[in-house]
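[1] Sequence and predicted model, in that order:
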Amino acid sequence: MNPPKRIDPRRAYRVGPQGLRRIVLGEISVNGTTSATVEASRRPKAKPLRTTIQPTKWHMVVAHSYRGRLDDHAREAIACAAILAEPDTGVLVVVLGTFQEDPSPLGADRIAIVDDLDWSRYEPVREEALVDAFLQDYCPEHIFLPDNSLGDGDLGRRLLAKQQSSGATHVIEIDRKHIAIVWSSGNRLACAPLPRIVLLDPGAVDANLPFVGAGEKIAVPSTGLASERCVDLGLAPSKPSEIALEEADFIVSAGNGVHSIATLEELARSLDAAVGASRVAVDDGKLPRSKQIGASGKTVSATTYFAVGISGAVQHLQGIKSCRHVIAVNRDPGAPIVKRADLTVIADAEEFMQALITRVAQAREQSELKGDSNG
Amino acid sequence: MGDVPSVAALVSAGRHPLTGVPRACRGDAVAMALGRALAGEKFALFHIGSVDEPSLRDYLAYGADKVEVIPANKGDVDINAVADVVKNFDIVLTGTRAEVAAGSGMFPYMLAHAMACPVVTNALDIRVDQSDTGTNVVISQFLPKGQRRSIASATPLVIAVHPFAAATLKYAHSRRVSGTINVIGSVSAAPARQPSWAVEAAPRRPVRLKAAEKQAGHARLLSAIVSEAKGGVVAFEGTTVDKAQVVLNYLREHRLVDF
Amino acid sequence: MAVAPAITVLFWLSTATLMIGLARRARLWRAGQRAPVEWAGLLAVPKRYFVDLHHVVAREPYIANTHVAVAGGAVAAILLVALNYGLAIYSPILDVAIVLAALVMVAGVFFVWQRRRHPPKRLSRGAWDRLPYTLALFAVGLLVVIATPAQYLSAAIASVALFFLLAGSAELVLGIGFGAPMKHAVAGLLHLAFHPRPERFSGVRSTALKPLELEKMELGVDAPADFRWNQLLSFDACVQCGKCEQSCPAFAAGQPLNPKKLIQDLVCGLSGTSDANYAGRPYPGIAIGAHSGALDNPIVPQLIEPATLWSCTTCRACVEECPMLIEHVDAIVGMRRSLNLTRGEIPGTAPEILANLRETDTQGGYPKPARYNWSIDLDVPQAVPGKPFDVLLYAGEGAFDMRYQRTLRALVRILKAAKVDFAVLGGEERDTGDTARRLGDEATFQRLAKENISTFATLKFSRIVTADPHVLHSLRNEYPALGGHYVVVHHTALIAELMEQGRLSTATLTNGKPLTYHDPCYLGRYNGEFEAPRAVLRKLGATLREMERSGPRARCCGGGGGAPLTDIAGIQRIPDMRMADVREAGAEIVAVACPQCTAMLEGVAGSHAEVLDIAELVASALEVPA
């Protein structure tokens, strides 16, 4: 006779954000150890290939890598090409710059990596020649580029001006049949049929794919010598702490809880971040008025906003409304910033900054070592 | 001091995105300010469109003495005719993006293509060096994350100015009233090269393209649990080193740092 | 020896000199722009002097009495000399009267001298320091010449005394021609006669700025000659007493503004000199001697640095304190107008705010309908043309500030509790243009005002209520000049009225914390409303702990006149000083009645008294009928 069915109170679970246990459905603990199953449930299941049919048509994506990686925006462009592709359409990705990652999860079927056309170089004529070579070889049905200022928005427009083929820029909505853009910078959209060349705005596509691409690496066609009409004089060194707050992507911001601005600036440097401040810190004379963020200061739209020792007065929160990730360090768990922050660390600002600076330095060192061994 | 280059700026009709109130298109006004600083007397400001365009007075208020209007109907103009008007200038400046209609940012590229000269976009600063070999224009170009690139080019060339360019705009009512708007020449219409846009009547948010996913109920429930992990995590416990690790993990998890 | 004819000669000589000097000075004043002149003002001078001017001077009894003695004695003596010697009557009885007058003057001069030995820092030194001596020479000379019996009056004594008299008279009569201290007497009296705001003398708080005629390209003050002539005259009336300097919040905060120096600089501009002879405290951080001006030269930056003009909070504390009734704020806004309208040179975030006003009709660049987002759950009635209502609630720019929305919500609760028939403009409400106007952007102000007036014209209501004194001031005092006449009340006045009528039942405040009230400049000094807020607080059972500077002399919060936007650096911040006043009064709650004051005082770093609007205090004490 079977023993009566019981629910094992120690069955597999994971800990939710509130510290509550969440049982994992469908998993049964083996030998009473939960860790193994939890690990198993966390491990992503192998995703299927998008298509197994030999491609006869192509979608092409061109994107610059940034420090050996493709950013979310570029990933969205590749995902877009893959999602819109029919089973007999392949996704060809041309990465300008170094790229070490596995291209399959991005949805790429074939990938050409042009190491020496890095984002940091300015060789528009050569870029155009290279893309032309691919266009001739593959005759892609559609070409997708992220509409960014890393060079892809520029390249895409050059193609559009030269190709005389249909195309659209700043595309914010896309599917198989149509595209939409923001009309007159307002809140209405304007639609058109899907053109050949599409420059995508960030956020138009969800880059998470339920499938993978074939990820085959291919050689870069040689383009011959191109004579550039503009001379690239190189990048000017820039100090992140001097970046204008409006264009900063990562901001470390000081509030009343910060006593040493030097430490804060060091933290900002180690994270390649710009420095901002709350009104109180500015009023205290810790930082100049140009650094003030909030209703009476600047409104920022950084992806990451790191609020150190800022309690988060409503006026301040008004200024960081459009920041995607807010991380707060505060001693008071009841401070209003905690409600706004995606991650809050309850700690003394000074001590924590020191710890984070050390940890970031270590992490950077390790990743550089790893990068060297890879390259 | 060598010769000052001649500079033309082409400005568009601006509209405030929220209210639709006519105004100088921000990026174009900055281009105008850079051009004025660069060329002084040898600067000219052009607008292709209606002479009654209300936003043109704003450009006067921001410092232009006069605006030359090349009458054209709304919609696509013959870019070759525009190129004809500005072909004698050393440098042609435009903004990065118009505030009305599609705002594709294509104009400087099309103009450069028609003029058969190079185009440099996202310019923050423009310097002109005169040397024996001719006029050399050095442009500081905007790149993300506060980085800047210097590009040198011979003239003629088209430069699209980034809205962050370092130009202070001073709005003076008296100039708005005293400046002049002249009509010169005309530009014929050309067949549209941009897609024909159908503008929707009602405001709405764009729909994000998402891969169709066939998931088992179990997987969907799992993802529901996972998605709960977003937002409002508070780290109380552990040493400061642990907490630093929590932050670093968060930054890495969301790909906010590149190490 | 007959000294009498000598005095006669001296008198007429002095009178002629005075007239020549006056004519020379008047030529400078006349370089100014035309202004309506009421000659009847001359007849009103005694009343204006003894009532209006003396009312201000009497706040400091020592110098008031001293001045009465010196000036009274001098004027009496001179008039009597004019009668007795000028007309060659030579009556011994009149001589006695002259002697008495001279004695009074001597007594007064003694006290002037006393004070000049250890003068307060606000007083200018330089030429002013010689006054006790030269005035004494005049009085003593007159005494000796007239009171000494002829037999004792040797030639030597007579000539010394006459020399004294001559020296003293020189100080009195040359002042106006050479711009020396005694010019204040002549210019001051003329200034009282031709004051740019004559309505001040009929007991009205005249605080509205005069509109520019933009169509006639009237674009503010670029050079001294662009002031109206009676403004130029008013600068000459300044006695450099430094009362304005003492009351100026920007000066106290170490910002580069000193109202006294500003007026003196304008005198330099008027007379074409440099500021090297100025002997008072400078603009903080700006050295004396590097600036000079001329009637037709641009004022900024040769004579006055722009930062000086942009430091002003337009709080009118200087005007309130000025014994000569000089209008500093009008002068500052006049010069700001030129900087704004003809050069577009405005520091800080002000250009952005002004662009927002032009393009969105709001300071923050918000869509207009978002102004009443805070009221979405309060079921606030929206004004509709053709449907009359009693009170129009005008929220102002504060409605976009999440902190001030609490105040507005409290106010709506109060209006509802008192069953007031009110409505709001909703998406039709524009900025009043007040901030634009203080920043000198008259074009934007006039456009906004005209558009608001035409919106109001579509509605039928009996009065406007607002919680923002800046809105109150522009709607009540400045819109009439553009054709908009409304009854505008501040929310504290309306609440006081509702309480008086028994339409609001409130309990006493329970927490019993010590409380003080901060007078907003635009409610108090600009509109004379000091009582209503206090009456409301009393009704709530609060015992007010008044700050030392309260009522008409209240210190500004630093939020007026666009000063937070131009943001000129100082050594300390104005709201910090005001919060220190609060602390000194021992208050744990500071009641406010203005969105600017709320924001400025709440922005003070460190722990400080709780900042609560009167509406919030009232709403918290509302007794909801069961």
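    Received the coordinates, thanks. Keep in mind the model is a prediction, meaning the values are calculated, not measured.
[2] Could you break the chain into its assigned domains?
    Here I'm looking at chain A. The domain map for chain A lists A:13-42, A:57-218, A:241-365, with the assignment taken from automatic domain parsing.
[3] should've been chain C
    Domain assignment for chain C, taken from automatic domain parsing, gives C:4-193, C:214-343, C:357-499, C:504-620.
[4] Adding distance to chain B and mean pLDDT, write those out as JSON lines.
    Where C-beta positions appear, they are placed from N, C-alpha and C, glycine not excepted. Formatted as JSON lines, the domains of chain C follow (distance: least, C-beta to the nearest C-beta, whole Å; pLDDT from 0 to 100):
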{"stretch": "domain C:4-193", "distance to chain B": "17", "mean pLDDT": "92"}
{"stretch": "domain C:214-343", "distance to chain B": "4", "mean pLDDT": "96"}
{"stretch": "domain C:357-499", "distance to chain B": "4", "mean pLDDT": "95"}
{"stretch": "domain C:504-620", "distance to chain B": "14", "mean pLDDT": "93"}
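[5] Quick one: closest of those domains to A:Phe99.
    domain C:357-499 (40.8 Å; C-beta to C-beta).
[6] how many other residues sit next to the closest residue to C:Trp374 other than its chain neighbours?
    Distances taken as C-beta to C-beta, 6 or more residues apart in numbering or on different chains place C:Gln405 nearest to C:Trp374, at 3.9 Å, with adjacent residues excluded. Using other C-beta atoms under 10 Å in any protein chain shown, C:Gln405 has 19 neighbouring residues.
[7] And the residue of chain C closest to chain A?
    Proximity of chain C to chain A (C-beta to the nearest C-beta) peaks at C:Met402, 3.8 Å away.
[8] CA-only coordinates of stretch C:170-177, as CSV, when you get a sec.
    C-alpha atoms of stretch C:170-177 as CSV (Å, rounded to 0.1, in the frame of the first residue of the first chain):
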residue,chain,number,x,y,z
ALA,C,170,28.6,127.2,2.0
GLU,C,171,27.9,123.7,3.3
LEU,C,172,24.2,124.4,3.1
VAL,C,173,24.0,126.0,-0.3
LEU,C,174,26.8,124.4,-2.3
GLY,C,175,25.6,120.9,-1.5
ILE,C,176,23.0,120.7,-4.2
GLY,C,177,25.2,122.0,-6.9
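[9] Just checking the distance from it to the centre of its chain.
    When distances are taken as C-alpha atoms, centre = their mean, to the nearest Å, stretch C:170-177 is centred 28 Å away from the chain's centroid.
[10] C:Glu397 is in contact with the residue nearest to C:Trp374, correct?
    No: taking C-beta atoms under 8 Å as the definition, C:Gln405 is not a contact partner of C:Glu397, at 11.8 Å.
[11] and C:His195, that one's in a strand?
    No: checked against DSSP: H, G, I helix; E, B strand; the rest coil, C:His195 lies outside a strand; its state is coil.
[12] Could you report the neighbour count for the nearest residue to it once chain neighbours are set aside?
    In space, C:His195 comes closest to C:Leu325 once its chain neighbours are excluded; the distance is 6.4 Å by C-beta to C-beta, 6+ apart. Using other C-beta under 10 Å, C:Leu325 has 21 other residues around it.
[13] for C:Leu325, what are its contacts?
    By C-beta atoms under 8 Å, 6 or more residues apart in numbering or on different chains, the contact list for C:Leu325 reads C:52-53, C:56, C:191-192, C:195, C:200, C:234, C:319.
[14] Quick check: residues of chain A near chain C?
    Counting by C-beta under 8 Å from any C-beta of the partner chain, the positions of chain A adjacent to chain C are A:256, A:279-280, A:283-284, A:289, A:295-296, A:313-315, A:317-318.
[15] Out of those residues, grab the one that's most surrounded.
    That'd be A:Arg279 among the residues of chain A next to chain C, by other C-beta under 10 Å, with 25 neighbours.
[16] For the stretch 501-626 of chain C, just list every one of the helices.
    C:531-539, C:563-566, C:574-584, C:595-602, C:614-620 (DSSP state H, counting those that start in this stretch).
[17] Where does the stretch 1-150 of chain B get nearest to chain C, residue-wise?
    For the stretch 1-150 of chain B, C-beta to the nearest C-beta, closest residue to chain C: B:His16, 4.2 Å.
[18] list the contacts for the residue in the stretch 251-375 of chain A that chain C sits nearest to?
    Residue nearest to chain C within the stretch 251-375 of chain A: A:Val314 (3.8 Å; C-beta to the nearest C-beta). Contacts for A:Val314 (C-beta under 8 Å, 6+ apart) come out as A:295, A:336, C:402-403.
[19] As TSV, the domains of chain C with distance to A:Leu145 would be great.
    Shown next, in TSV, are these (distance: least, C-beta to C-beta, whole Å):
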stretch	distance to A:Leu145
domain C:4-193	62
domain C:214-343	44
domain C:357-499	32
domain C:504-620	41
